[in-house]
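Peer 1: no sequence on this one, just coordinates:
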């Protein structure tokens, strides 16, 4: 599909860590126009860097989850616009070309709102520009700026979430703080720090004794594969559990707090996130455990009011459920679970209603999951609210 | 471990179906003293029959989940007592020998109460008997009787549960009834019919249009492997889903009813069942969907009052979480999911509090999950209640 470079034994990652430079899941090659990404399908067993050279490369990378995670999809979409501009051949009008390429990028995956947001932000800077070389500069700079802003946002999410963990740490008088997370909302999903993991990394840096319960997150096991890999590399105590286990842990006092990310959050506080998040929110509520959602403002959808009825949930290939991929004798293999003729369904996200969310951890601070509190924290955006509650079929967007 | 016979292409199963004889997961060989079981670890990809010739064979089969499911473990334990008697060498006193062998059998797995119940029922018939040949006859007959009684119980559970499905079918005016189940509480777990599946099979026989959502049931995937295999062989419409998906389906009106089995149920109505059951019960309650537990009376624990605090939950090998087994190129392989150095935890069951259970489907009828209703349905047993609420460490039992 695109050229790939194996990074043996995580060496590059370790070198970058040693140099004090944080590895990112996406960056522009310093010597070429190529956009580089970590192929997240093969972690934790192989660290492979792939080259993106065209809009089609970006579409494939997003569709097949070479890159995934709401903020990272936004950044990748932004770089996709840059690659569109690079590949503009002048045979048609630029604006029409650009709008068409952007629509192709935005239709790749339906649920994460960051994709449209990132693509449109670069596109809006380019429309009506006539100088190709200036277009390229603007597109590259804007994509890089979005990436850097998401890093800055995640850093602030970490600082804001740290206070919540610190409060629990004080209450527990220094006993280990146990945090449960679902899927991967780490730096792999968000350029640096992560959203849900940012407060965890901040707590670790501040010498708070933390331990993370990592939901494996079927079907694609982003928890077991990616979050465990991140925490393991960082030296943070963690334990991988099945998605079934969280309720039991909560019933027995083994979870102090849940933090998850989100792919699209309504201005009323409903949270679309990886399938199974809703079940953990229910268990947290049933056991009086705080359930927080960490997100940058780019993940709010200022047009949607009713998450359950208005957010279309992506259905992916049932074979992602039927087959499980992992390492066997040094090779990555996929094994079939059910009878070959049994059908499967693969809903990728679910919606946790605002009433189950204790609060949002954003770059601006922590707020409750209500329209009023969200509006207070992001006043400019909520002024743009449309009062319509039409059904937005995002899979068609 | 024990000798195994491959049944290629499910041929024996199909022959037995064609002859109108139902295959069972356990039976005594008609020409020898050997107890035969289906090795449930390798389904659905290989149907293999194993021979059990000794108490150690039975212990291994239960511990390594060659056989599993509460009623089947009870029956296997009963046959274990028969094999103990067969292997009695007369060098020690019989009663001491028997009690010791029964304790070894009962300590194999802690959560399913049927194991102790089945073992003790045969043991109690044998104590103080002096004629070895009579002991063998009694043990064999009692084990067979327990198996047949469980079949009869499951059949009645099917009839009693059928009425509930039929009510929904009437209300939906003939539209497909969607039932969600977790784990495998089918004939593989229960000799014939199953507990949770008995009403499903009965509905199918009665031409009700049903469709079953099959939770894959990590870590050992008894849903994807065993329930899907049963339903597939029977021709019942079903779809395999991840354990994460049920909440989303319920939010969107795609589930009419949940039916699960149980491994131990207190006389107050708390239900220990496969890990993750509690999460589905929470989602069912949140969406006003009836949540039923199907069980024979052998699964009630008449001594326990508080399921969450009194039922010790088995912790199994973390590698059952870290590795997933399935079919690759015709061979059964295990693939590693998380980083090799990431630890995992493997809690096998959780407890669903009675308040979340709509009702019990038993061989005597359907009742609410309250002490009062359970007592009305099983008056003899509840009279034997101990009022003690001591913590019973079943893993030491």
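Peer 2: Nice, thanks for sending it over. Keep in mind that what you see is a predicted model, and the values were worked out from it rather than measured.

Peer 1: middle-most residue in chain A, spatially?
Peer 2: Centroid check for chain A by CA atoms, centre = their mean gives residue A:69 as the closest residue, at 2.3 Å.

Peer 1: Pull the contacting residues for the nearest residue to that one once chain neighbours are set aside.
Peer 2: What sits nearest to residue A:69 in space, not counting adjacent residues and going by CB to CB, 6 or more residues apart in numbering or on different chains, is residue A:189, at 2.3 Å. (C-beta placed from N, C-alpha, C; glycine too.) With CB atoms under 8 Å, 6 or more residues apart in numbering or on different chains as the criterion, the residues that contact residue A:189 are A:25, A:68-72, A:195, A:226, A:261.

Peer 1: Next: residue A:119.
Peer 2: Applying CB under 8 Å, 6+ apart, the residues near residue A:119 are A:77-78, A:80-81, A:102, A:105-106.

Peer 1: how does it look with 10 Å?
Peer 2: With contact taken as CB atoms under 10 Å, 6 or more residues apart in numbering or on different chains, residue A:119 is in contact with A:58, A:73-74, A:76-81, A:84, A:101-106, A:108.

Peer 1: Where does it sit, in terms of helix or strand?
Peer 2: For residue A:119, the host element (DSSP states H and E) is helix A:114-126.

Peer 1: Run the chain-centre distance for that helix.
Peer 2: Computed by CA atoms, centre = their mean, to the nearest Å, the separation of helix A:114-126 from the middle of its chain amounts to 17 Å.

Peer 1: next SSE after it?
Peer 2: Assigned by DSSP H and E, the successor of helix A:114-126 is helix A:132-171.

Peer 1: quick check: angle from that next one to helix A:114-126?
Peer 2: 140 degrees (axes from the mean of the first three to the mean of the last three CA atoms, to 10 degrees).

Peer 1: Relative to the whole chain's centre, how far out is helix A:132-171?
Peer 2: With CA atoms, centre = their mean, you get 13 Å for helix A:132-171.

Peer 1: Please pick out the residue of chain A most distant from its centre.
Peer 2: residue A:91 (36.3 Å).

Peer 1: Who are the contact partners of that one?
Peer 2: Contacts of residue A:91 (CB under 10 Å, 6+ apart): residue A:97.

Peer 1: List phi and psi for it.
Peer 2: Main-chain torsions, residue A:91, degrees, to the nearest 10: phi -80, psi -20.

Peer 1: How much space separates it from residue A:97?
Peer 2: 9 Å (CB to CB, to the nearest Å).

Peer 1: likewise residue A:233?
Peer 2: 41 Å.

Peer 1: now residue A:240, what's its secondary structure?
Peer 2: strand (DSSP: H, G, I helix; E, B strand; the rest coil).

Peer 1: who's it bridged to?
Peer 2: On the basis of DSSP bridges, residue A:240 is bridged to residue A:214, residue B:344.

Peer 1: Do I have it right that it meets residue A:223?
Peer 2: Yes. Here residue A:240 reaches residue A:223: they are 7.0 Å apart, a contact under CB atoms under 10 Å.

Peer 1: overlap in contacts of those two?
Peer 2: In contact with both residue A:240 and residue A:223: A:212-217, B:337-338, using CB under 10 Å, 6+ apart.

Peer 1: Which of those ranks first by neighbour count?
Peer 2: The residue in the shared contacts of residue A:240 and residue A:223 with the most neighbours, by other CB atoms under 10 Å in any protein chain shown, is residue A:216 (32 neighbours).

Peer 1: okay, and for the stretch 251-397 of chain A, where does confidence drop off?
Peer 2: Applying pLDDT under 70 to the stretch 251-397 of chain A flags residues A:380-397.

Peer 1: Strands along that one, start to end?
Peer 2: A:257-260, A:264-266, A:271-274, A:291-294, A:300-301, A:323-328, A:331-336, A:349-352, A:359-362, A:365-367 (DSSP state E, counting those that start in this stretch).

Peer 1: List the strands paired with the first one, with their directions.
Peer 2: The reference is to strand A:257-260. strand A:177-181 (parallel), strand A:291-294 (parallel).

Peer 1: wait, residue A:294 sits on residue A:158?
Peer 2: Yes. In this structure, residue A:294 is within contact of residue A:158 by CB under 10 Å, at 8.7 Å.

Peer 1: The nearest residue to residue A:222 once chain neighbours are set aside: how many residues sit nearby?
Peer 2: Leaving aside its sequence neighbours, residue A:222 sits nearest to residue A:184 (CB to CB, 6+ apart; 4.1 Å). Residues lying near residue A:184 (other CB under 10 Å) number 32.

Peer 1: Much appreciated, bye for now.
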